[in-house]
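1. please find the sequence and the predicted model below.
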Amino acid sequence: MQEILTRRQVLRAAGAVGLSVTTGGLLVAQTEKAPLRITPSQTPGPFYPQPAIKDQKFHDTDLVRKMDKDVAAMGEEIKIDGVIRDVTGKPVENAVVEIWQACASGRYNHARDNNPAKLDDKFQYWGVGKTGEDGWYSFRTIRPGEYPGRTSHVHCRVLAPGFRGVVTQMYFADRGARNARDFIYNSLSKPDRNAVTVEFAKATDAKVPNGTFDLVLAAK
Ligand SMILES: [Fe+2]
């Protein structure tokens, strides 16, 4: 026997699968999307650069080569890029994106880092960039070395006019076993861990592995 659904039943069923019903009874895909997940905060750790990144002599987006050096830093070169968005998915212009990290040996260029690992004087250790209207940023860097107690990670801070800034850390998807033992990584919920864990892969025409780390900012 054929069942005739009431308009209310059709509306309820359509809502459950993300469709809406026009006055003529047609089902159309809803254009309104759920807000994007805001990038979680993580501790800046004890090694935020002193002086601040913008006041460092070398602070561009290429951490592999300092501006006065032709020699590349030690370690595996990688590219980190992504888009800064608001919760509706709109790219955020004029966002200042900073990264800082350990060199290949796992040492920070910071007075308080007492790790005996060797510093790499060819490595820039930090960088800053600003997004254009497409919200896009990009850094050339190296995969940071692991140091006692921590998995490989890159610290990141994003500040943008009209938004709440975020300080967070980016992790490498291929370090699963080590990530699983990292207490700062595991202080995040599973969806938040996913949001800061990046897959690095080398495209056929690319020289180095590339990872995409998109961030979502909350409005002020
Ligand atoms: Fe760190």
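-> Yep, it's here. Please read all numbers here as calculations on a predicted model, not as lab measurements.

2. in this structure, which segments are predicted with low confidence?
-> Residue ranges of the chain with pLDDT under 70: 1-31, 68-69.

3. all strands for it, in order.
-> 19-21, 27-29, 77-86, 96-100, 126-130, 136-142, 153-159, 166-172, 197-198, 200-201, 210-212, 215-217 (DSSP state E).

4. mind putting those into TSV with mean neighbour count?
-> Every C-beta, even on glycine, is put in place using the N, C-alpha and C of the backbone. TSV is the format used below for the strands of the chain (neighbours: other C-beta atoms under 10 Å):
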stretch	mean neighbour count
strand 19-21	15
strand 27-29	10
strand 77-86	20
strand 96-100	23
strand 126-130	20
strand 136-142	22
strand 153-159	22
strand 166-172	22
strand 197-198	19
strand 200-201	14
strand 210-212	17
strand 215-217	23
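
5. how near is Thr168 to Glu32?
-> For Thr168, the distance to Glu32 (C-beta to C-beta, to the nearest Å) stands at 28 Å.

6. go on, Pro161?
-> Taken as C-beta to C-beta, the span from Pro161 to Glu32 is 26 Å.

7. contacts only, for Leu119.
-> By C-beta atoms under 8 Å, 6 or more residues apart in numbering, the contact list for Leu119 reads 103, 105, 107, 109.

8. hmm, Arg65 and Phe123 touching each other?
-> No. Assessed by C-beta atoms under 8 Å, Phe123 is found out of contact with Arg65, at 9.1 Å.

9. overlap of the contact sets of the two?
-> With C-beta under 8 Å, 6+ apart, Phe123 and Arg65 have common neighbours Ala73.

10. between those two, which is the more surrounded one?
-> Neighbour count, other C-beta atoms under 10 Å: between Phe123 and Arg65, Phe123 has more, with 26 against 17.

11. how close does the closest residue to Thr88 other than its chain neighbours sit to Met170?
-> Distances taken as C-beta to C-beta, 6 or more residues apart in numbering place Pro35 nearest to Thr88, at 6.8 Å, with adjacent residues excluded. With the distance defined as C-beta to C-beta, Pro35 ends up 22 Å from Met170.
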